[in-house]
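*Asks:* This is a predicted model, with the sequence first.
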Amino acid sequence: MSDETIRPTVLFVDDEENILKALQRLTMDEEFETEIAGSGDAGLQKLTTLKQVALIVSDQRMPGMNGAEFLQQSQQLAPDAIRMLLTGYSDISAAADAINKGGASRYLNKPWNDDDLLQTLRGAVATWQLAQENRRLQAIVQAQNEELKQWNENLKNRVLQQTTAIRKKADDLNEALIQLKHNYNGMISAFSSLVEMRGQRIQQHARNVSELATAAAREYGLMPEEVETVRIAAMLHDIGEIGIPERVLTLSPELMTPDDFALYSQHPVRAQMAIDGIADLRPAGVLIRHHHEQVNGAGFPDGLKGSEIPIGARILAYADQLDRAISGGGDTAEQALARVELGLGIKLDPSLQRVFRKTARYAYFSLPELDPNATIELELRPDELQPGMILTRDVISGTGLLLLNKGVVLDQAQVESIQRYYKLDPPQHGVCALVHQR
């Protein structure tokens, strides 16, 4: 039987047997158990065996141990019990002593009134029961608080673990995206290099056109994603020329036979088809298809004119014409600009003149002026390269692949890249760079 199902107990202690019997008779029908003891010692002995002691009522005048002394000692055995002293009118000092030392809550007079005594006993038992219920509820609340605290701690740990895991996944994803972008740009560069490997005539053309077109697109005010599409289209715009005989590509369209021109005019469409299988390259494919259209409608392959031609394709066409003018005729940027401007309103969009006039001067690299007494140009082995050196000539692999442009200030990654490529595809010469003299 649990403590909750045991009825509360009231212990009466008195050296007069008739009083104990009277108290037993008075309380025999109450909702609590009644226990009696004939002395203080007997009462203490009783308390060692009783549970749920709600109330202790003791006579004051007893041989050996008086009531106040008994109540004081009973606190060790039944600390939660309510204590009362049963005494005569003349024992007021004893009652005070019982209250002060024995923890008594009140004293009862002899002789007593049965109804008054019963009401007092019932009230004391009810008070004890409320106190016990309060302790029980407090224990439950405390246990639940501890459980909640532990649950919160576990939740906090789980949240921290999950946050750490999410952060790691985010970092891994970001790293994967960076690597994917790196691989994506490497793929575009590889495609572009396939065209450049065909001969000296077009080496670096795609990169020059890309720099010109990207700067112009940015200056024109295109959105960043549109600028990136222009850059990619510029890098790949001649990929469709692969497979066309070199004798055809060396001619200007005006000097081609009808058959040669028919073959040549297919290359923008072939380029678009070559990259159309890659969804991310499709927008660039549209610009490549139309970079030979003319604003007067005389271009190819679709005969678009004016604003029908995508603005990115118009920018690409302008940059393509400008770099071919410089590379083919040996002109300076200023001379090349003047030459291509002869085609404004015919081949090229006049609204782009201002843009290219502003940006073209920055697109072609010239080596910085350095103190000749502090630097010297040397041809170096790849293992002699150091970060901070400036390339004075383009770095070309053994099979003609452009690795880096002249003017690049080397960093550690580029040094390692050159060393790796020189092992895979070694040329017959070293790397020309400016070296600080000591």
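*Replies:* Noted; the coordinates are in hand.

*Asks:* C-alpha from now on. contacts and neighbour counts both.
*Replies:* Will do.

*Asks:* Just give me how far the longest helix belonging to the chain sits from the chain centre.
*Replies:* Identified as the longest helix of the chain according to DSSP state H is helix 114-196. On the basis of C-alpha atoms, centre = their mean, to the nearest Å, helix 114-196 sits 19 Å off its chain's mean C-alpha point.

*Asks:* Make 561 the first number, not 1, from now on.
*Replies:* Let's use 561 as the start, then, which means that last one is helix 674-756.

*Asks:* distance between the helix or strand that it is followed by and the chain's centre?
*Replies:* The first helix or strand that comes after helix 674-756 along the chain, using DSSP states H and E, is helix 765-780. Centroid separation between helix 765-780 and its chain, computed with C-alpha atoms, centre = their mean, is 35 Å.

*Asks:* which of the residues in whatever helix or strand comes next after helix 765-780 are buried?
*Replies:* Later in the chain than helix 765-780, the nearest helix or strand by DSSP H and E is helix 784-796. Buried positions in helix 784-796, judged by neighbour count with 16 or more other C-alpha atoms under 10 Å: 786-796.

*Asks:* from the residues you listed, which is closest to Ile804?
*Replies:* Leu796 (15.7 Å; C-alpha to C-alpha).

*Asks:* Is it correct that the closest one is in contact with Asn768?
*Replies:* No: Leu796 is beyond contact range of Asn768, at 11.9 Å (criterion: C-alpha atoms under 8 Å).

*Asks:* on contacts alone, who are the packing partners of the longest helix of the chain?
*Replies:* In terms of contacts (3 or more C-alpha pairs under 8 Å, 6 or more residues apart in numbering; DSSP states H and E), helix 674-756 is packed against helix 577-587, strand 613-619, helix 765-780, helix 784-796.

*Asks:* Next, the angle helix 765-780 makes with that helix.
*Replies:* Put simply, helix 674-756 runs at 130 degrees to helix 765-780, going by axes from the mean of the first three to the mean of the last three C-alpha atoms, to 10 degrees.

*Asks:* and helix 674-756 with strand 613-619, angle?
*Replies:* Angle of helix 674-756 versus strand 613-619, following the same axes, to 10 degrees, is 150 degrees.

*Asks:* what is the orientation angle of helix 674-756 with helix 784-796?
*Replies:* 30 degrees.

*Asks:* now the angle between helix 577-587 and helix 674-756, please.
*Replies:* Relative orientation of helix 674-756 and helix 577-587, computed by the same axes, to 10 degrees: 60 degrees.

*Asks:* avg pLDDT for helix 674-756?
*Replies:* Helix 674-756 shows a mean pLDDT of 84.

*Asks:* Let me see the residues that make contact with stretch 963-978.
*Replies:* The contact list for stretch 963-978, computed with C-alpha atoms under 8 Å, 6 or more residues apart in numbering, reads 925-927, 942, 945-957.

*Asks:* Ok, stretch 988-998 next?
*Replies:* With C-alpha under 8 Å, 6+ apart as the test, stretch 988-998 has contacts from 933-942, 949-953, 955, 958.

*Asks:* One more pass at 7 Å, please.
*Replies:* By C-alpha atoms under 7 Å, 6 or more residues apart in numbering, the surrounding residues in contact with stretch 988-998 are 934-942, 949-953, 955, 958.

*Asks:* Likewise for stretch 839-856?
*Replies:* Outside stretch 839-856, the residues within contact range by C-alpha under 7 Å, 6+ apart are 789-790, 792-793, 797, 828-829, 832, 835-836, 859-861, 863-866, 869-870, 872-874, 876-877, 905-909.

*Asks:* Using TSV, please lay out the helices and strands packed on helix 674-756 together with mean pLDDT.
*Replies:* Below are the helices and strands packed on helix 674-756 laid out as TSV (pLDDT from 0 to 100):
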stretch	mean pLDDT
helix 577-587	93
strand 613-619	93
helix 765-780	89
helix 784-796	93
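
*Asks:* okay, those, which one's buried deepest?
*Replies:* Ranked by mean neighbour count, the helices and strands packed on helix 674-756 are led by strand 613-619 with a mean of 26 (mean count of other C-alpha atoms under 10 Å).

*Asks:* Give me the next element, helix or strand, following that one.
*Replies:* That would be, after strand 613-619 and using DSSP H and E, helix 627-637.

*Asks:* Can you list the strands that the very next helix or strand once past that following helix pairs with?
*Replies:* Counting by DSSP H and E, the next helix or strand C-terminal to helix 627-637 is strand 642-647. Strand 642-647 has the following strand partners under DSSP bridges: strand 613-619 (parallel), strand 664-669 (parallel).

*Asks:* Identify, from the buried residues of helix 784-796, the entry nearest to Gln605.
*Replies:* With C-alpha to C-alpha as the yardstick, the closest approach to Gln605 among these comes from Glu788, at 95.9 Å.

*Asks:* which residue sits closest to that closest one, ignoring its sequence neighbours?
*Replies:* Thr774 (7.5 Å; C-alpha to C-alpha, 6 or more residues apart in numbering).

*Asks:* Let me see the contact set for the one you found.
*Replies:* Taking C-alpha under 7 Å, 6+ apart, we find Thr774 in contact with 787, 790-791.

*Asks:* ok so Ala831 is a strand residue?
*Replies:* No: read with DSSP: H, G, I helix; E, B strand; the rest coil, Ala831 is helix and lies in no strand.

*Asks:* how about the nearest residue to it once chain neighbours are set aside, what does it touch?
*Replies:* Distance criterion C-alpha to C-alpha, 6+ apart; nearest residue to Ala831, sequence neighbours excluded, is Gly800 at 4.0 Å. By C-alpha under 7 Å, 6+ apart, the contact list for Gly800 reads 827-828, 830-831.

*Asks:* Serialize these to CSV and add fields for neighbour count and distance to Leu697.
*Replies:* Output for the contacts of Gly800, formatted as CSV (neighbours: other C-alpha atoms under 10 Å; distance: C-alpha to C-alpha, whole Å):
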residue, neighbour count, distance to Leu697
His827, 23, 87
Pro828, 25, 84
Arg830, 19, 83
Ala831, 22, 81
